[in-house]
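A.B. asks: Got a sequence here, can you build the structure:
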Amino acid sequence: MNHLHRICLVVSLLGIAAALRAEELETLNDFEKPGLADQFTAVARITLSREPIARMSPAGGPAGQALAATTDGNAGLVTKPGVLKKSLLNASDVEFWVYRSAAEKDRGQSIIELQFLEADGKAQFVRSVELDHSGWKKVSLPLRWFHWGEGRVPRWDRVDRWGVLFRDKANLQIDEVKLVRQDDPDIALPQPEDLRRLAFPEVPEGEVRVVIRGDLLLLTDAPDLDVDKLAAHLTEVKKQVTTDLSLPPAPPWPVPAMVFRTRAEYEAFPPRLAAKLLRTAAPPRSTGFTVQGISTSFWDEKFGTLRPVYTHEFVHALLSRELSLPNRTEWFQEGMAVNYQLKFHPQDDYAEIVAAGLADPSKRLPLSELASGKPIPQSRYWQAATLVELLMLDKKYQPQFAPFLRAISQSGSTELRPQLRLWNVGWEELNDDWRKFCAEKYKAQP
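C.D. replies: Now for the predicted structure:
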């Protein structure tokens, strides 16, 4: 049996095993217990109460009391911290019942969001639900297709509360909110077979290679890609990054990396993933793109298996997992990715790019703008990379680099302004130190 057939057999067996897993329902709230104020915090203008369930409850449906919510929109409720006592990594779905009256249906569609939040509220998983029915309806949402919120990258083993946000005007009832637990330790994450089907829907299963090696999940339909060689390379990249940053042990799940056979397949994936998450996204214009912690690119015979962009995007995905930092194409993510791309794939003219940037103010940004935490243009990646180098390597800045990493990981933002206190410097001093560092390392005029 060859390597490809072994992989396909393993994937098929995993699918059979998934179908046979035991399920257990865990009730989060059936609203039979009085004291809503002790259980929930209202967000913005919303009226909450416990009421007998609306009529016409189906067989096996809600009974007793339900949560009644009335709002004009952009409001919701969230449980008190600590309600979720156990990790949700082994939960596959969340389900609940929703009642809308005929009058509510006639008023039009309503969108609600179910959220799972970490204790400080800076990290959350979110899933939208479009309601256009009347009567009672059971809603079941797979946790693996919740998207990240706007802050820090969330983790299912860290969430400790849940909530509901009403985007539109609504008057409805919710009942029987439950988790579906499985005897699978990480079923809340997209599984290899989930990603294969989503990424390569038109490709025969036998033509997609799925490699799981330690901290890496590699998927490709590019026949000429040497998967063993790329897997070994990305594993070495991961080792180098985690060693340099002195990172603690990683979460026990691999970083996904995808290499598509064609650019068209690659460009189609982010919009398809967004649709799966009930969001929208445009096709990427760059040669590499990282979304939801998944690094993606495409095969190019000119560059072969060790294409620099594969390294670049993998570093983005790795930082999302290791430091809970989403890839927003801001200075720290791009600076780190460029540095490790250059470390493994040196670029002969890089020193010239740095020198030209230092000599011409039109080719660089003020550091306060560069390091604002907002997206930066690709033409300023060199500047971000050298600023990261300064913080990592310079004897004045290196001692506080670890506290800096902890601070941005906790906040989910790489805005540098609030972190300057770690070095007791202002923008002018930082700029002087950065120019001197670049001049010494790259033999450029400060």
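A.B. asks: can you pull the contacts of residue 105?
C.D. replies: 132, 133, 134 (C-beta atoms under 8 Å, 6 or more residues apart in numbering). For glycine as for every other residue, the C-beta is placed from the backbone atoms N, C-alpha and C.
A.B. asks: Pull the number of nearby residues for the second one.
C.D. replies: Read it as residue 133. 15 (other C-beta atoms under 10 Å).
A.B. asks: ditto for the first one
C.D. replies: Using other C-beta under 10 Å, residue 132 has 12 other residues around it.
A.B. asks: Can you list the neighbours in contact with the host helix or strand of residue 439?
C.D. replies: In the assignment (DSSP states H and E), residue 439 maps to helix 427-442. Helix 427-442 is contacted from outside by 350-351, 354-355, 358, 366-368, 386-387, 389-390, 393-394, 396-397, 420, 423, 425, 444-446, using C-beta under 8 Å, 6+ apart.
A.B. asks: Just the buried residues of these.
C.D. replies: The neighbour count (16 or more other C-beta atoms under 10 Å) marks 354-355, 358, 367-368, 386-387, 389-390, 394, 397, 420, 423, 444 as buried among the contacts of helix 427-442.
A.B. asks: any idea which of those is closest to residue 109?
C.D. replies: Ranked by distance to residue 109 (C-beta to C-beta), the buried ones among the contacts of helix 427-442 are led by residue 368 at 43.6 Å.
A.B. asks: so of the contacts of helix 427-442, which ones are in helices?
C.D. replies: Among the contacts of helix 427-442, the members falling in helices (DSSP state H) are 350, 351, 354, 355, 358, 367, 368, 386, 387, 389, 390, 393.
A.B. asks: May I see those organised as TSV, with distance to residue 50 and pLDDT added?
C.D. replies: Below are the ones in helices among the contacts of helix 427-442 laid out as TSV (distance: C-beta to C-beta, whole Å; pLDDT from 0 to 100):
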residue	distance to residue 50	pLDDT
350	64	96
351	68	94
354	64	95
355	69	94
358	66	94
367	54	98
368	51	97
386	59	98
387	54	98
389	58	97
390	58	98
393	60	96
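A.B. asks: Could you export those residues as a markdown table, including distance to residue 255?
C.D. replies: Shown next, in a markdown table, are the ones in helices among the contacts of helix 427-442 (distance: C-beta to C-beta, whole Å):
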| residue | distance to residue 255 |
| --- | --- |
| 350 | 26 |
| 351 | 31 |
| 354 | 30 |
| 355 | 35 |
| 358 | 34 |
| 367 | 30 |
| 368 | 32 |
| 386 | 26 |
| 387 | 25 |
| 389 | 23 |
| 390 | 27 |
| 393 | 25 |
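A.B. asks: Tell me which two in those residues are the farthest apart.
C.D. replies: 351 and 368 (25.4 Å).
A.B. asks: distance of the residue sitting nearest the centre point of the chain from residue 274?
C.D. replies: Geometric centre of the chain, nearest residue: residue 292, 3.3 Å, by C-alpha atoms, centre = their mean. Remark: distance between residue 292 and residue 274 (C-beta to C-beta, to the nearest Å) = 9 Å.
A.B. asks: re the thing from before, state the pLDDT value of the residue nearest to the centre of the chain.
C.D. replies: On the pLDDT scale, residue 292 is placed at 95.
A.B. asks: now residue 54
C.D. replies: Looking at residue 54, its pLDDT stands at 77.
A.B. asks: So it sits against residue 99, correct?
C.D. replies: Yes. Counting by C-beta atoms under 8 Å, residue 54 touches residue 99, with 4.6 Å between them.
A.B. asks: what are the ranges of the strands in the stretch 201-350 of the chain?
C.D. replies: 209-213, 216-220, 255-260, 288-291, 294-298 (DSSP state E, counting those that start in this stretch).
A.B. asks: The stretch 1-150 of the chain now?
C.D. replies: Taking DSSP E, counting those that start in this stretch as the test, the strands found in the stretch 1-150 of the chain are 23-29, 40-43, 46-52, 65-71, 75-79, 91-100, 110-118, 124-131, 135-142, 147-148.
A.B. asks: right, and residue 166 touches residue 110 too?
C.D. replies: Yes. The pair residue 166 / residue 110 is scored as a contact, 7.3 Å apart, by C-beta under 8 Å.
A.B. asks: which of those two has more neighbours?
C.D. replies: Set residue 166 next to residue 110 and count neighbours by other C-beta under 10 Å: residue 166 wins out with 25 against 22.
A.B. asks: The spatially closest residue to the more buried one that is not a sequence neighbour pairs with what?
C.D. replies: Nearest non-adjacent residue to residue 166, counting by C-beta to C-beta, 6 or more residues apart in numbering: residue 71, 5.0 Å away. Residue 71 has these beta-bridge partners by DSSP bridges: residue 46, residue 170.
A.B. asks: OK, contacts around residue 71?
C.D. replies: 44, 45, 46, 47, 166, 169, 170.
A.B. asks: Kindly recompute the last result at 6 Å.
C.D. replies: For residue 71, the contacting residues are 46, 166, 170, by C-beta atoms under 6 Å, 6 or more residues apart in numbering.
A.B. asks: how close does it sit to residue 106?
C.D. replies: 18 Å.
A.B. asks: residue ranges with poor pLDDT in the stretch 1-150 of the chain?
C.D. replies: 1-22 (pLDDT under 70).
A.B. asks: one more time with 80
C.D. replies: Under the criterion pLDDT under 80, the flagged ranges of the stretch 1-150 of the chain are 1-22, 54-60.
A.B. asks: same check, this time on the stretch 301-446 of the chain
C.D. replies: Ranges of the stretch 301-446 of the chain meeting pLDDT under 80: 444-446.
A.B. asks: Right, I'll leave it there.
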